[in-house]
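Novice: okay, sequence plus prediction incoming.
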Amino acid sequence: MAKVSFLSSLLVCVIGFVSQTASAATVQYSGKVFTANGSPIVGGYVIVGTFAPGIDPFNYNCIYGDEVCNQNPGAYDSAVSDGNFFPIGAGTLTDPNGVFNTSGSTNTPAGTPIWLFAFADDTRGSFLQVLASSSNPAWQTPAQPTGFTFLNASDADMFVMGTSHPQGVTLGEVPVPESASLTLSILGGLAVLGASRWKNRLS
C-alpha cells in the first residue's frame, strides 16, 4: 500500500513538472559583451530574467548597496535568493569572441520587462557589469503557453550599469566605495579614536 502511495505521489509530481514546463514561454537571448576599449569579454557570465513586482531595477544598486548606493558584494546572488530577481534559464558564458547565445523558459506574466545581466567573469560579482533592458517589445515575456521571444543585446537602450555597443553591450564599472573615500574613513576613525584616548588621559 505504501508502495502504491509513493508511486502515486511521484506520478503527480512528474505530471505537475511536465505541465509547468509545457506551459512556460521560451526566451532566447544572444549578443556580444565588450570591455570599454572594445575588446571581447571571454568567459563572462550572461543571464536574463525578470524583477519581482514592486522592484525598480534602476534602484538595484541602492537596494543591494550601502547608504549611498555603492553595490554590496554578492548583490546579484542576493537578489536571486531574496526572490527579487528571477533568472530565465541557467545563463551562459561568452566564447573567445565575446559571443553568447542561449535560452530559458519562464512562467512570468506576459508583458513583464526582461533585464540582462553581464559580468566580466563567472563569479557574478565582478567589478565590471551590465544591467540593461530595452524598449523593444521583444524584451517582454511572451504569452503562455508555448510563447517565444528572441532578444539581441544590441537592442538594449536602458542601462543601470554598462553601455550599449553596436554588436551588444559594454561592461561598466560597478559603483563601489572609492579607495580615497575608504582611506579618509579609516583616517577619520583613527583620529576619533586618538582624540578619545587623549581625552581619557587628561581626565
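Specialist: Right, received. Where do you want to start? For clarity, every value in this text was computed on a predicted model and none was experimentally measured.

Novice: okay, CA-based contacts and neighbour counts for the rest of this
Specialist: Fine.

Novice: backbone phi and psi for S134, please?
Specialist: As for S134, its main-chain torsions (degrees, to the nearest 10) stand at phi -150, psi 150.

Novice: likewise for V80?
Specialist: Main-chain torsions, V80, degrees, to the nearest 10: phi -70, psi -50.

Novice: for it, list the residues it contacts.
Specialist: For V80, the contacting residues are F86, P87, by CA atoms under 8 Å, 6 or more residues apart in numbering.

Novice: what about the residue most central in space within the chain, which helix or strand?
Specialist: The geometric centre of the chain, computed from its C-alpha atoms, lies nearest to F117 (CA atoms, centre = their mean), at 4.3 Å. In this assignment (DSSP states H and E), F117 forms part of strand 115-119.

Novice: whatever helix or strand comes next after that strand vs strand 115-119, what angle?
Specialist: From strand 115-119 onward toward the C-terminus, using DSSP H and E, the following helix or strand is strand 128-133. Here strand 128-133 points in a direction 170 degrees away from that of strand 115-119 (axes from the mean of the first three to the mean of the last three CA atoms, to 10 degrees).

Novice: packing partners of the very next helix or strand once past strand 128-133?
Specialist: Counting by DSSP H and E, the next helix or strand C-terminal to strand 128-133 is strand 148-152. Packing partners of strand 148-152 (3 or more CA pairs under 8 Å, 6 or more residues apart in numbering; DSSP states H and E): strand 25-34.

Novice: quick one: contacts of the strand it packs on?
Specialist: Counting by CA under 8 Å, 6+ apart, the neighbours of strand 25-34 from elsewhere in the structure are 40-41, 44, 48, 88, 94, 97-107, 118, 141-154, 165, 167-171.

Novice: per-residue pLDDT, T163?
Specialist: The score at T163 is 98. That number is its pLDDT.
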